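Enquirer: Sequence and predicted model, in that order:
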Amino acid sequence: MAIFNSLQQAISESVKDGDTLALEGFTHLISFAAGHEIIRQKKRDLTLIRMTPDLIYDQLVGAGCAKKLIFSWGGNPGVGSLHRVRDAFQNNYPNALESVEHSHAAMANAYEAGAAGLPMAVFRGYIGSELTDVNDAISSVTCPFTGEKLACVPAIKPDVGIIHAQKADRQGNVLIEGIVGVQKEVVLSSKISIVTVEEIVDDLNTGPNSCVLPGWTVDQIAVAPKGAHPSYAHGYYQRDNQYYLDWDAISRDRERFNQWLEDEILQTGAN
Amino acid sequence: MAIFNSLQQAISESVKDGDTLALEGFTHLISFAAGHEIIRQKKRDLTLIRMTPDLIYDQLVGAGCAKKLIFSWGGNPGVGSLHRVRDAFQNNYPNALESVEHSHAAMANAYEAGAAGLPMAVFRGYIGSELTDVNDAISSVTCPFTGEKLACVPAIKPDVGIIHAQKADRQGNVLIEGIVGVQKEVVLSSKISIVTVEEIVDDLNTGPNSCVLPGWTVDQIAVAPKGAHPSYAHGYYQRDNQYYLDWDAISRDRERFNQWLEDEILQTGAN
Amino acid sequence: MTANYTPAEMMTVTAARALSNNMTCFVGIGLPSEAANVARMTHAPDITLIYESGTIQTKPEILPLSIGDGELCESALTTVSVPEMFRYWLQGGHIDVGFLGTAQIDKYANLNTTVIAAKDDSSVKEGKTSYANPKVRLPGGGGAPEISTNAKEVFITVKHSTRTFVEQVDFVTTVGFGRDGKVRDQHPQIGRGPTVVITDLCILKPDPDSKELVVVSLHPGVTKEQVIAATGWPIKFLESVTTTPTPNAQELDVLRTLKEKTARAHSAQGAV
Amino acid sequence: MTANYTPAEMMTVTAARALSNNMTCFVGIGLPSEAANVARMTHAPDITLIYESGTIQTKPEILPLSIGDGELCESALTTVSVPEMFRYWLQGGHIDVGFLGTAQIDKYANLNTTVIAAKDDSSVKEGKTSYANPKVRLPGGGGAPEISTNAKEVFITVKHSTRTFVEQVDFVTTVGFGRDGKVRDQHPQIGRGPTVVITDLCILKPDPDSKELVVVSLHPGVTKEQVIAATGWPIKFLESVTTTPTPNAQELDVLRTLKEKTARAHSAQGAV
């Protein structure tokens, strides 16, 4: 059953050095506030899973939290590269970073399989792609009825799954609305789940088939207004494009990045 | 792209003798009007797929439309047996009826796999169940990562999939609300799909993540008010329990059934 | 102080008491649904009830006739598709208790809801299935085969008679512990299986080693002889067999009110 | 009568014209998204645009910066989860055209969005991949590897230069016809693959037999020599090579208005 906690408490009680973490949000509802708190608490040796490692993972990698990245598209959307991630890959700065690279279809299916309690995901994928040459986790199974060889990847089952959502009610039931990505799957497949929300409400006030996570599927709920900034929250606020543009220059330069880290993260408190 | 048609036209243009049909609706939104029109048009040798063959398939089987039944729970919910189905199984009346019997999990996964364009569904199922002794379609695959043996059944891909829904807009986009069952999967996995609806509206007027089928996934739309009667349509009408109770006596007796068929179906017109 | 109650009421209330407030329960239709809702309306107001139609955290005011009644959806926190229900919620490991009824149960708690064999069917005696030419064709497995393996544990409630309690079920639709009691040992990924069976006469639990069902508690006024007479195999009793506590007035009131409201609602709907 | 237009505008409008009104198009971000929305705003008002973020039948007024902009969801008929998008909608066979951009493309229309190899990397010359120590690390495959096989056909739009048009891509992220042009022959379940490539210089299509990309149409004013100079392999031209029709005034107006509105909206959001 969900515990309501401060973001600081939620992270410190749930995330351990060496854990496998998934912070999701497919361009929408990205858990920036939670990511920043992980940086602030100096978590180390994390394996970070995310379909689209964008600024949030660039920041976590740059701050030295990660030892490994599992991903399918890495970039600053509409802007360019992830300079901190690249610096880690190419120059081991601030530390070496392993990577496991997939396609979106593979990761979406792997999250789905994790939520479905299966050990692996089966899909029609990777045909002709050389990603199979550089990722040992890609295997295959053969359909016993048709003989077709299908791609197969391990299910994703993070130690801790973190998402941001619009709102929770007082029983800890969570509503996610708009682009829902793989958020439901992350919560259902993770050993421990943390949900940050814009607000707590009396009534989710939603339709019968909306994307709702019951309170007993969530371990920790923390209120984090604007917790997805600079990404956006459907119905609450828009994306802060200037932040994404500015990030390019900040992240290109180790000193500027470290100054940003000090000023904007380490010297600030959690929500 | 969806064609708006009369139910009579929709069935006559889409359903051929010998086809494999799925009429779905998991206790809710059962396509009775469409089933009755199939009886009226004297379609024959159909393979009928349905998780819960209840009154609608009892009627189709009793009327001689079916040669085979693929199912996972057959009964008159809260009342008892399907007497017409039993008469076909045991006494070949009005004709012999083959059967393929699954569990709900198997069929739900098989519909999901059909919608997902896969040849088979993989799930953790049938462990210790003797259904595997009597159903040749149940196979297994082994997870290449864990060695776990998982159940595997062929994907369901009907020739014609038929569902009933609350409403469509003038572009043929369909809203299903409440207990949505496997209706989306049926439409997406079928070669031809027919949707009957309570009404056509200007605007579906629904949330961003509701269960909506775009018009281009549907082949035929027919307006059939109370088209799910005696089952129910969330937001429109409740289940007619008396009909289910009365069915027991009607269906127990061949003559009473044939009289019912004549009076209530053959001598009545389509909507 | 003991209220007056029927054996059926004793069964339902005892089954209700097996559930606790913090559980997530996947509810079968009929007796399990009755018991689960009595639990929710008495000692377990926050219990999470899930039905295979996709309704999650449902709080019906009347008992559903079918697994997918409108009442279940209208009173639910949310309703998901049936594939999602079986994949994410059941197979995904979110169900504490699968609560099942059955037509036949055997000493290893295997359940049969498929076919009742003709008496002279020798295949049954060989521990095989009789499927093609049954005496009675039952509705089939529905959700039970995977509820029984993918829920963390399984509760069963069924009326006690030699017709239902047989040494070997005619067909294993849904595995308890298998025909030899050992099936779960080979499948570490699945749940513990049946942990309690509640009848109108007694409570049974599987022996920790052999997995054979043994009587652990007799309902008040029920004798061992009655249970022996109603069971199709030489039934064992726990040495320290207890007496099941009687229903209290609140439980009986809730159960009776629920059944009255249900009957009224269903006949009203029928009259439309 | 010819309007004034840039090569980039010529490319976008030509790419837009490749789409028709009754298509279902899975849209990649950037150039494909620009072209697809110009198509929707001109000759193909009913085209169904789908983005991998789960937005179905979306009609944005401004161009999305990312695959999951709010505008896409707000203007969509419905939005599904990302697993459902890849399973039911793409793999399920509901996509007529996958519309992709790329960083590198080779003569068999294989696409590379993973790594650019260092010049002295001999593994590339052996037709192998250089992955561990790239000159440039690109964003990765995203949705493209399965869009390319699960859509019924694939359109590609990319600027023409020797940097992008290489004889062999440094890494096959997304298969066109494979390193030997024959990969699709062995996979009857997948789509036809790339059927057209639209650049700022010309239109290319795969030869029906060899699958090698050949120029079928030159944009007005573009010479064969220009294309040869911008292509990293000895490019072939169809004997009957045509001249691409010029953009009309409406198309240019729509494209320019769309880009202006987009720039205004994005800088306004940035200023919040």
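Expert: Done, it's in. Residues are numbered from 1 along each chain as shown, chains lettered A, B, ... in the order given.
Enquirer: going forward, measure contacts between C-alpha atoms and count neighbours the same way
Expert: Fine.
Enquirer: Let me see the contact set for residue C:43.
Expert: Residues counted as contacts of residue C:43 (Cα atoms under 8 Å, 6 or more residues apart in numbering or on different chains) are C:17, C:20, C:21.
Enquirer: Okay, it and chain B: tell me how far apart.
Expert: According to Cα to the nearest Cα, to the nearest Å, residue C:43 stands 27 Å off from chain B.
Enquirer: List only buried entries from the contacts of residue C:43.
Expert: Applying 16 or more other Cα atoms under 10 Å in any protein chain shown to the contacts of residue C:43, the neighbour count classes C:17, C:20 as buried.
Enquirer: Find me the pLDDT at residue 234, would you?
Expert: Assuming you mean chain A. Note for residue A:234: predicted pLDDT of 96.
Enquirer: Please refer instead to chain C.
Expert: The confidence metric pLDDT takes the value 98 at residue C:234.
Enquirer: right, and the secondary structure at it would be what?
Expert: Following DSSP: H, G, I helix; E, B strand; the rest coil, residue C:234 is assigned to coil.
Enquirer: ok so, going back, which of the contacts of residue C:43 sits closest to chain A?
Expert: Closest approach between the contacts of residue C:43 and chain A, by Cα to the nearest Cα: residue C:21, at 11.6 Å.
Enquirer: That closest one: what's its closest spatial neighbour, skipping adjacent residues?
Expert: residue C:44 (4.0 Å; Cα to Cα, 6 or more residues apart in numbering or on different chains).
Enquirer: What count of nearby residues applies to that neighbour?
Expert: When neighbours are defined as other Cα atoms under 10 Å in any protein chain shown, residue C:44 has 19 of them.
Enquirer: residue contacts, it?
Expert: Each residue near residue C:44 by Cα under 8 Å, 6+ apart is listed here: C:19, C:20, C:21, C:22.
Enquirer: What helix or strand is the third one located in?
Expert: Okay, so that is residue C:21. Assigned by DSSP states H and E, residue C:21 falls within no helix or strand.
Enquirer: wait, what's in contact with it?
Expert: C:40, C:43, C:44, C:45, C:46, C:47.
Enquirer: Would you agree residue A:194 is in contact with residue A:216?
Expert: No - in this structure residue A:194 lies outside contact range of residue A:216 using Cα atoms under 8 Å: 11.8 Å.
Enquirer: more crowded one of the two?
Expert: Using other Cα under 10 Å as the criterion, residue A:194 and residue A:216 rank with residue A:194 on top: 29 against 18.
Enquirer: Shouldn't that one be within a strand?
Expert: Yes - under three-state DSSP, residue A:194 falls within a strand.
Enquirer: now stretch A:172-183: mean pLDDT?
Expert: 97.
Enquirer: what's the span of that stretch, first residue to last?
Expert: 16 Å (Cα to Cα, to the nearest Å).
Enquirer: what's the neighbour count on residue C:267?
Expert: 13.
Enquirer: circling back: of the contacts of residue C:44, which is the nearest to residue D:83?
Expert: Set against residue D:83, the nearest of these by Cα to Cα is residue C:22 (30.5 Å).
Enquirer: Next up, phi/psi of that closest one, please.
Expert: Backbone torsions of residue C:22, given as degrees, to the nearest 10, read phi -100, psi 10.
Enquirer: The one 10 residues further on now?
Expert: When quoted as degrees, to the nearest 10, the phi and psi of residue C:32 stand at phi -60, psi -40.
Enquirer: Tell me the confidence at it?
Expert: Listed pLDDT for residue C:32 reads 96.
Enquirer: wait, what's in contact with residue 102?
Expert: Chain wasn't specified; assuming chain A. So residue A:102 contacts A:70, A:71, A:72, A:131, A:135, D:141, D:142 (Cα under 8 Å, 6+ apart).
Enquirer: Chain C, not that one
Expert: C:111, C:112, C:113, C:156, C:157, C:158.
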